[in-house]
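Chemist: sequence-free structure coming up:
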C-alpha cells in the first residue's frame, strides 16, 4: 500500500511540475546597448502573460535623448511567443511625454529547442526612429529560464 501511495505521489508531483509557469530572462551587453528583459507566462492554454519588466541603456546617449535609459513595463510588450523552447519578445515604446516624436522597437528571438540546458542564446534587433533619422543595431542575446 505504501508503495502505491508513493507512486501516486510521484505521478501527481510530476503532473504539477509539467504545468508550472515559465519565467524567462534575456540580456545583452555589447558596444552599443545593455538591456535586460524578464517575463513569465502561464503554462496553460493561451500562455497568458503573468509578468514583464525590462531596462535598456544605450552606451552612446547621443543616439537617442529620450531612450538613452528606459524602463519597460507590461504595456510595452507588444508581441510575445513562447513555445517548445523558442522565445520571441517585442517591445515597442512611444508612450509618454518624454519620448517626443521618437519610437523604440526591440525584438528578441531566442531558442533553446532540443537543449537540456536552461540557458540559450539568440539575437536582438533594436530600432529607434526619430522623424527621418534611425538608429539600428543588432547583436547577440543570452536567455534562460527560471
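Modeler: Cool, got the structure. Just so you know, these numbers come straight off a predicted model, no measurement behind them.
Chemist: only C-alpha atoms from now on, for both contacts and neighbour counts.
Modeler: Noted.
Chemist: show me where this structure has its strands.
Modeler: Here the chain has its strands, by DSSP state E, at 22-29, 33-41, 49-58, 69-72, 77-83, 86-93, 102-111, 119-130, 133-145.
Chemist: any idea of the pLDDT on residue 38?
Modeler: Residue 38 carries a pLDDT value of 96.
Chemist: now render the strands of the chain as CSV, adding mean neighbour count.
Modeler: Converted to CSV, the strands of the chain look like this (neighbours: other CA atoms under 10 Å):
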stretch, mean neighbour count
strand 22-29, 19
strand 33-41, 19
strand 49-58, 17
strand 69-72, 15
strand 77-83, 15
strand 86-93, 19
strand 102-111, 20
strand 119-130, 18
strand 133-145, 16
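Chemist: weakest of those by average pLDDT?
Modeler: The stretch with the lowest mean pLDDT among the strands of the chain is strand 77-83, at a mean of 86.
Chemist: pairing partners for that strand, with directions?
Modeler: When sheet partners are counted by DSSP bridges, strand 77-83 sits next to strand 86-93 (antiparallel).
Chemist: the strand it pairs with versus strand 119-130: what angle between them?
Modeler: Comparing the axes of strand 86-93 and strand 119-130 via axes from the mean of the first three to the mean of the last three CA atoms, to 10 degrees yields an angle of 20 degrees.
Chemist: OK, contacts around the nearest residue to residue 38 once chain neighbours are set aside?
Modeler: Of all residues beyond its chain neighbours, the one nearest residue 38 is residue 25 (4.4 Å), with distances taken as CA to CA, 6 or more residues apart in numbering. By CA atoms under 8 Å, 6 or more residues apart in numbering, residue 25 lies in contact with 36-39, 143-146.
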